[in-house]
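S.K.: one predicted model, sequence on top.
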Amino acid sequence: MAAAIHAGMRETNILIGPFRNILADFFAETDFTGKRILDVGPGQCDFLDLVKERGGQTFGVDFDPAVAALGALRGHDVIVGDLKAGWPYPGQTFDGIFCRGSINIFTFQPDVGRLYAFLEGFEASLAPGAWVWVGPWNKPRDPNDLGAVESIKAHWLRSNGIDLNVATPEQKKRYGIGYVVPRVEFWHRAART
């Protein structure tokens, strides 16, 4: 990871505890055996490692080739992809999609057409009954122009049965969310049977 684009990914003291906490709080009863799980922006692949230990098939996408290389070394199928260019997994579905801090829907501001395309791609990759856990890094380009993007996000979440939760200070600490954005939130939908 010495060649990682983000300096934070080069650190060796990143803690796996927050990922264990997310699993304990949201996926304690989830059977990962044989399930296809995607981590968007897997960083040092800690979440994928934990899912793989529980029998899951692990996939990831990151713009950083160093992250993809680390994923391959750890036995995960991680590709290099740029979310701004579109959803990187057209035609593939996953039983769960996880992301902590790598999706920023305001990246597409003010081009809401690209935002729609991204969200449609994400939605198309959800297998029937799939779960979602996304802690977006939603930092607006223009804080005075949130309306259209927030409206699209709210409609998309509702349409897909995904809950939006504003993270409490305790949750931020427990889930390792140290980034600062106007509102730290996470989107969650439990697996459907």
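M.R.: Ah, there it is. Numbers count the residues shown, from 1 in each chain.
S.K.: use CA for all of it now, contacts and neighbours both
M.R.: Will do.
S.K.: buried residues in the stretch of helix or strand Asn21 belongs to?
M.R.: Using DSSP states H and E, Asn21 falls within helix 17-26. By 16 or more other CA atoms under 10 Å, the buried positions in helix 17-26 come out as 18-23.
S.K.: same check on stretch 141-158?
M.R.: The neighbour-count criterion (16+ other CA under 10 Å) identifies 149, 152-153, 156-157 as the buried residues of stretch 141-158.
S.K.: turn these into TSV, columns for distance to His188, pLDDT and secondary structure.
M.R.: What follows is the buried residues of stretch 141-158, written out as TSV (distance: CA to CA, whole Å; pLDDT from 0 to 100; DSSP: H, G, I helix; E, B strand; the rest coil):
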residue	distance to His188	pLDDT	secondary structure
Val149	19	86	helix
Ile152	17	91	helix
Lys153	13	91	helix
Trp156	13	95	helix
Leu157	9	96	helix
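S.K.: pLDDT weak spots in the protein?
M.R.: Scanning the chain with the threshold set as pLDDT under 70 gives 1-14, 193.
S.K.: let me know the outermost residue of it.
M.R.: What lies farthest from the middle of the chain is Asn144; by CA atoms, centre = their mean that is 25.7 Å.
S.K.: show me what the one helix or strand His188 maps to is in contact with.
M.R.: Applying DSSP H and E as the criterion places His188 in strand 185-189. Defining contact as CA atoms under 8 Å, 6 or more residues apart in numbering, one finds that strand 185-189 is touched by 131-136, 157, 161-167.
S.K.: go again using 7 Å as the cut-off
M.R.: The contact list for strand 185-189, computed with CA atoms under 7 Å, 6 or more residues apart in numbering, reads 131-136, 161-167.
S.K.: that one pairs with which strands?
M.R.: Taking DSSP bridges as the criterion, strand 185-189 pairs within the sheet with strand 126-135 (antiparallel), strand 163-166 (antiparallel).
S.K.: how far out from the middle of the chain is it?
M.R.: Centre-to-centre, strand 185-189 and its host chain are 10 Å apart (CA atoms, centre = their mean, to the nearest Å).
S.K.: list the contacts of the residue nearest to the spatial centre of the chain.
M.R.: Within the chain, the residue whose C-alpha comes closest to the C-alpha centroid is Cys99; the distance, by CA atoms, centre = their mean, is 1.4 Å. Each residue near Cys99 by CA under 7 Å, 6+ apart is listed here: 39-41, 133-135.
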